[in-house]
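Engineer: My questions are about this predicted structure, shown below with the sequence.
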Amino acid sequence: MPAGLPVSALQGRLPTRSSEQSPEVSELDGYRERVEWPLVRLFLEYGEGSRRWFALGVVTSMLARFLSLVPPIVLGAAIDALFRGDEPYSVPFVPQAWLPAGTTDQFWFSVALMAVAMVGAAIANFLRQSSLNLFPHRVKHEVRTATYQRMQRLDVGFFDDSRTDELMSVLNNDANRLELFLDNMMSSAIQLGVLVVGIAAVLLYLDPQLAVVTLFIVPLAAVFTYWFMKLVEARYADVRSSVGDLNTRLENNLATAHPARHRRPRRRPHHARRRPPPATVRDADRTTLVVAHRLSTVRDADRILVVDDGEVVEQGPHDDLLEAEGLYANLWRVQAGELDRLPDDFVAEASRRVARQSPHRGED
């Protein structure tokens, strides 16, 4: 489970409502509408202390992409001059006085230049991946911590008008999507932009007319990308709402029972907690049965029984059940917010069960 996941602290204070009871415009929607320049605020406020890593990632991304263009350019110049003899040996953006005169020297100069470019690109890519991976992880931690602290300072009225699944979606799914955007998509966008600029510069140097014809599609692609982002933004809101409903249904199904404790002397049963006191659970010569609505409650147990449709389908310790990639592992991913790692058959089965129980909501 992520260290910053405040599930147990929110449990019990936040009311759970069905999707039919949610208002058309929730408190969270009001907060979203009041946010201005979110990416700028992300870098200025939550990226403080980590911006140097982002700057290093941008610089190394540009350097890696430019160096990756060197081998094909040098190879093309060497083939035209040394093997075909169509034109004199020249390398774009390199003064003619720096180039060797002999054919053999020109060949080895080309080989050395391509080797240096490849090694430099490999080093730059390593620095790019390291720095651009460190930055989103730190920003995600700061955003998730600040979000939870903000929720703790809100009054009770906010929680009366908000659904548990919406809050969990913000703390889990939205934070993970933010990390994915900063880690993968932004890095890819930077490299793509540098690649387009580099290719445009080379084409303009070699043949300006060919560059205009070739790069004409770039503005059209930018307009299409903007339109597609607006389209996907609305679809993602629907997906987030569906995921929230699924989280609510799973949480309600897992929280329907109290722990049953056996062994004299009998003690008063209690709700399963995220971290049960060792004195009441891990005493020697004592057997404790816990029906856990948070799987982190039982991760240190000697044996965990996974019951589905009244039958024990899995059993064993926490680590073994995760390695088995079965029902327990999928439920763990749901509570950890790792919904993108869920197999399709599990999501389909969960959706089927939610649809099967939906007609009976009004009867409860």
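Structural biologist: That came through fine.

Engineer: tally of neighbours for residue 174?
Structural biologist: Here the number of neighbours of residue 174 (other Cβ atoms under 10 Å) works out to 16. For the C-beta atoms, the positions are set from N, CA and C on the backbone; glycine is no exception.

Engineer: Per-residue pLDDT of it, please?
Structural biologist: We have a pLDDT of 74 for residue 174.

Engineer: Likewise for residue 126?
Structural biologist: 92.

Engineer: three-state assignment of it?
Structural biologist: helix (DSSP: H, G, I helix; E, B strand; the rest coil).

Engineer: And it, how close does it get to residue 56?
Structural biologist: 12 Å (Cβ to Cβ, to the nearest Å).

Engineer: higher neighbour count, these two?
Structural biologist: Between residue 126 and residue 56, counted using other Cβ under 10 Å, the more crowded position is residue 56 (17 against 12).

Engineer: so which strand or helix has the more buried one?
Structural biologist: Secondary structure from DSSP states H and E places residue 56 in helix 51-68.

Engineer: same check, this time on residue 305
Structural biologist: strand 304-308.

Engineer: Over to residue 301?
Structural biologist: Judged by DSSP H and E, residue 301 forms part of no helix or strand.

Engineer: how much space between it and residue 327?
Structural biologist: 16 Å.

Engineer: and if you look at residue 73?
Structural biologist: 55 Å.

Engineer: Comparing these two, which shows the higher neighbour count?
Structural biologist: Counted by other Cβ under 10 Å, residue 73 and residue 327 do not tie: residue 73 has more neighbours, with 20 against 16.

Engineer: if we can go back for a sec, residues making contact with the strand holding residue 305?
Structural biologist: When contacts are defined by Cβ atoms under 8 Å, 6 or more residues apart in numbering, strand 304-308 is touched by residues 298, 312-318, 321, 326-328.

Engineer: Now distance to residue 84, pLDDT and secondary structure too, for those residues, in JSON lines please.
Structural biologist: Output for the contacts of strand 304-308, formatted as JSON lines (distance: Cβ to Cβ, whole Å; pLDDT from 0 to 100; DSSP: H, G, I helix; E, B strand; the rest coil):
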{"residue": "298", "distance to residue 84": "72", "pLDDT": "72", "secondary structure": "helix"}
{"residue": "312", "distance to residue 84": "74", "pLDDT": "86", "secondary structure": "strand"}
{"residue": "313", "distance to residue 84": "69", "pLDDT": "87", "secondary structure": "strand"}
{"residue": "314", "distance to residue 84": "67", "pLDDT": "90", "secondary structure": "strand"}
{"residue": "315", "distance to residue 84": "71", "pLDDT": "89", "secondary structure": "strand"}
{"residue": "316", "distance to residue 84": "68", "pLDDT": "88", "secondary structure": "strand"}
{"residue": "317", "distance to residue 84": "68", "pLDDT": "88", "secondary structure": "coil"}
{"residue": "318", "distance to residue 84": "66", "pLDDT": "85", "secondary structure": "helix"}
{"residue": "321", "distance to residue 84": "64", "pLDDT": "88", "secondary structure": "helix"}
{"residue": "326", "distance to residue 84": "62", "pLDDT": "88", "secondary structure": "coil"}
{"residue": "327", "distance to residue 84": "65", "pLDDT": "87", "secondary structure": "helix"}
{"residue": "328", "distance to residue 84": "65", "pLDDT": "87", "secondary structure": "helix"}
